[in-house]
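>>> Have a look; sequence and predicted model below, questions after that.
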Amino acid sequence: MHANRPLSQRVHETLSRRSPTFILGSPALDKAFEPTTFWWSVVAFATRSDRAARRYWHRRAVSLTFDYEELEYWDMTGRDLSGIRITRGNMAGIGLRDTDLSSSHLFAANFECADLRGARLWRCDLRSANFVSADLTGVDLRRARLEGTDFRFAHLVAADLTTSRLTGADLSGADLRGAKFDEDFDRSAVISNEQTRWPDSVDA
C-alpha cells in the first residue's frame, strides 16, 4: 500500500514524522525512480510561505544535486531557490522571473530562451551555462562566476555585472544597454562582435 501512494503524498507524510536527514537521504523516496516528481515535491514544500519550511529548505535541501534534471518550460516565477544545485540541467524556456537563485550551483545548465527578468543570480556558479536568447533584463549577477558562459543574443539590459567573473564569456549579439560593469572591466577578456550593444560606461 505504501509504495502505491503518490510520491508527493509519501514525501509530505515522511516530512511530518521523520528527521530532515532521513527525508532527503532515504532511498525509500524513490528519488532515482521518479526524479521529476520528487523534485517537484521538494520544491513545493520548500517554497511554502511559513518560516519553518523555508529554514528547512536552506539547511537541508540545498545539499541536493539534481544532475541533468529536465525542467524545460517550467514556471518557477518568484520562488526562493537560493542555494540549489542543478548541474547540466535543461531549463530551456523556464520561467524564473523575480526568482532568487543566489549562491546556486548551475554549472553548464541550459537556460536558452529562458525568462529571468529581475532574477537574483548573486554569487551563482554559472560557468559554461547557456543563456542564448535568454531575457536577463535587470538581473543581479554580482560576484557570479560566468567564465565561458554563452550569452549570445541575450537581453542583459540594466543587468548588474559588477564583481562578476566574465573571462571567456561570449557576449556576441547581446544587448547590454544600461548594464553595470566594474570600472576596470576589460572588453578584450570576453567574446563580442559588432552586434553587441554595450552600455555607454564601457569604452570601445
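Great, that's in hand. Numbering: from 1, shown residues only.
>>> what domains does the record give for the protein?
Per automatic domain parsing, the structural domains of the chain span 1-61, 65-204.
>>> Averaging pLDDT over each of the ones you listed, report the lowest-scoring one.
The weakest mean pLDDT among the domains of the chain belongs to domain 1-61, with a mean of 44.
>>> What about Glu147, how many residues nearby?
Neighbours of Glu147 under the rule other CB atoms under 10 Å: 16. For every residue, glycine as well, the C-beta is placed using N, CA and C.
>>> Ignore what I typed, I meant Trp74.
Considering only other CB under 10 Å, Trp74 is surrounded by 18 other residues.
>>> Wait, it touches Ile94, no?
Yes - the pair formed by Trp74 and Ile94 meets the contact definition of CB atoms under 8 Å, at 5.1 Å.
>>> Tell me which residues are up against stretch 171-186.
151-163, 166, 190-193, 195-199, 201-202 (CB atoms under 8 Å, 6 or more residues apart in numbering).
>>> how far does it stretch from start to finish?
13 Å (CA to CA, to the nearest Å).
>>> What segments of this structure are helices?
Along the chain, the stretches classed as helices by DSSP state H are 7-17, 20-25, 35-46, 51-59.
>>> just to revisit the earlier point, mark which of the contacts of stretch 171-186 are buried, thanks.
Buried by 16 or more other CB atoms under 10 Å: 151-161, 166, 190-192, 196-199, out of these.
>>> Confirm for me that Ala144 is in contact with Arg165.
Yes - with contact defined as CB under 8 Å, Ala144 reaches Arg165; the gap is 7.3 Å.
>>> quick one: which of the two has more around it?
Between Ala144 and Arg165, counted using other CB under 10 Å, Ala144 has the larger neighbour count: 28 against 17.
>>> So that one versus Asp125, what's the distance?
Distance check for Ala144 against Asp125: by CB to CB, to the nearest Å, it reads 8 Å.
>>> do Leu156 as well
Distance from Leu156 to Asp125, by CB to CB: 18 Å.
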